[in-house]
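Q: After the sequence you'll find the predicted model.
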Amino acid sequence: MPWLIAAAILLIPASLTAEPHHAPASSRIVVRWYGDLLTSRDVAAAQELAGRILRQAGIEVSWLDCWSSPAACPQPTRSNEFILRTMRAADGAVAARRGVLGFSLIDVSAAEGAIATVLTDRVTSLAENAAVDRVDLLGRTAAHEIGHLLLGNTRHGANGLMRSFWTISELRRNIAGDWRFSDQEAESMRQGIALARSRDARDARHALETQDSRTDGAGGTGERTAQAGGAE
């Protein structure tokens with residue numbers, strides 16, 4: 001299975017102000033958060049901002065803390081579940097280009113993604129250089145990488161949150177449109193979520209039909225055995 005690393009250089013100003021709206025059930029996802037490099041308060045704030053950005057695109061996010069509470073994540077991820085991990089580029093555990101704040105693993109053959117990474121030391125350094133809030137930058141970086149997972153590709157937009165380069169002046173300027181998904185990106189993400197739900201429902205029906213067929217077959221055999229016993 002061919003996998004690509006989708007690198008994303010992300011830089012961020014203050015919080016967004018768009019009115020949230022209730023996302024339909026077909027546009028709900030779960031993100032499993034891994035990593036102990038941030039305080040619980042910073043994690044909550046970053047998740048709140050990332051969730052708000054995705055909510056603007058019509059996608060509702062539920063977060064699971066899988067690092068401090070591994071029991072909350074015992075099962076393999078489902079089609080609407082994704083993994084986001086926080087790591088330090090300086091630890092050498094990941095090979096990321098200089099200046100990259102995060103990256104995502106994308107199955108290009110299936111146009112699906114499952115794992116996103118945010119490099120906290122890179123984010124902290126950039127936030128300090130730009131004199132912007134570090135947690136805001138973390139949240140927007142997370143939203144950008146989750147966007148790659150939902151879009152199922154490594155492409156970047158010319159404008160908005162999914163552009164590949166975020167300059168210090170853009171971070172400081174804090175124009176709301178710089179930190180949103182485009183309408184086309186939002187529609188593509190929602191369609192992808194709905195398609196995955198439909199595929200899951202179809203697979204579940206198929207599994208149930210297969211189980212019922214096997215049960216019916218076993219019942220028929222039992223009846224024949226009972227008749228044979230009665231004949232004796």
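A: Perfect, I can see it now. Numbering: from 1, shown residues only.
Q: Walking through this protein, point out its helices one by one.
A: With DSSP state H as the criterion, the chain has helices at 40-56, 120-130, 134-151, 168-173, 183-231.
Q: Of these, which shows the lowest average pLDDT?
A: The weakest mean pLDDT among the helices of the chain belongs to helix 183-231, with a mean of 65.
Q: residues touching residue 59, list them.
A: Residue 59 makes contact with 23, 27, 28, 29, 150, 186, 189, 190, 193 under the criterion C-beta atoms under 8 Å, 6 or more residues apart in numbering. In this view, the C-beta of every residue, glycine as well, is placed from N, C-alpha and C.
Q: Thought residue 32 was touching residue 82, still the case?
A: Yes. In this structure residue 82 lies within contact range of residue 32 using C-beta atoms under 8 Å: 7.1 Å.
Q: neighbour-wise, which of the two wins?
A: Set residue 82 next to residue 32 and count neighbours by other C-beta atoms under 10 Å: residue 82 wins out with 22 against 19.
Q: Pull the contacting residues for that one.
A: Shown in contact with residue 82 (C-beta under 8 Å, 6+ apart): 29, 30, 31, 32, 113, 114, 115, 116, 146, 149, 150.
Q: In strands, which of those appear?
A: 29, 30, 31, 32, 113, 114, 115, 116 (DSSP state E).
Q: any chance of these in CSV, plus pLDDT?
A: Formatted as CSV, the ones in strands among the contacts of residue 82 follow (pLDDT from 0 to 100):
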residue, pLDDT
29, 95
30, 95
31, 96
32, 96
113, 85
114, 84
115, 93
116, 95
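Q: Sort out which of these are buried, if you could.
A: 29, 30, 31, 32, 113, 115, 116 (16 or more other C-beta atoms under 10 Å).
Q: how much space is there between the fourth one and residue 71?
A: Taken as C-beta to C-beta, to the nearest Å, the spacing of residue 32 relative to residue 71 amounts to 12 Å.
Q: For ChimeraX, what selects the buried ones among the contacts of residue 59?
A: Selection of buried members from these for ChimeraX, criterion 16+ other C-beta under 10 Å:
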select :23,27,29,150,186,189,190,193
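Q: Widest-spaced pair of the contacts of residue 59?
A: 28 and 186 (14.4 Å; C-beta to C-beta).
Q: Residue 68 touches residue 36, doesn't it?
A: Yes. In this structure, residue 68 is within contact of residue 36 by C-beta under 8 Å, at 7.2 Å.
Q: Who are the contact partners of the closest residue to residue 134 other than its chain neighbours?
A: Among residues not flanking residue 134 along the chain, residue 127 sits closest, at 3.9 Å (C-beta to C-beta, 6 or more residues apart in numbering). By C-beta under 8 Å, 6+ apart, the residues touching residue 127 are 12, 133, 134, 136, 137.
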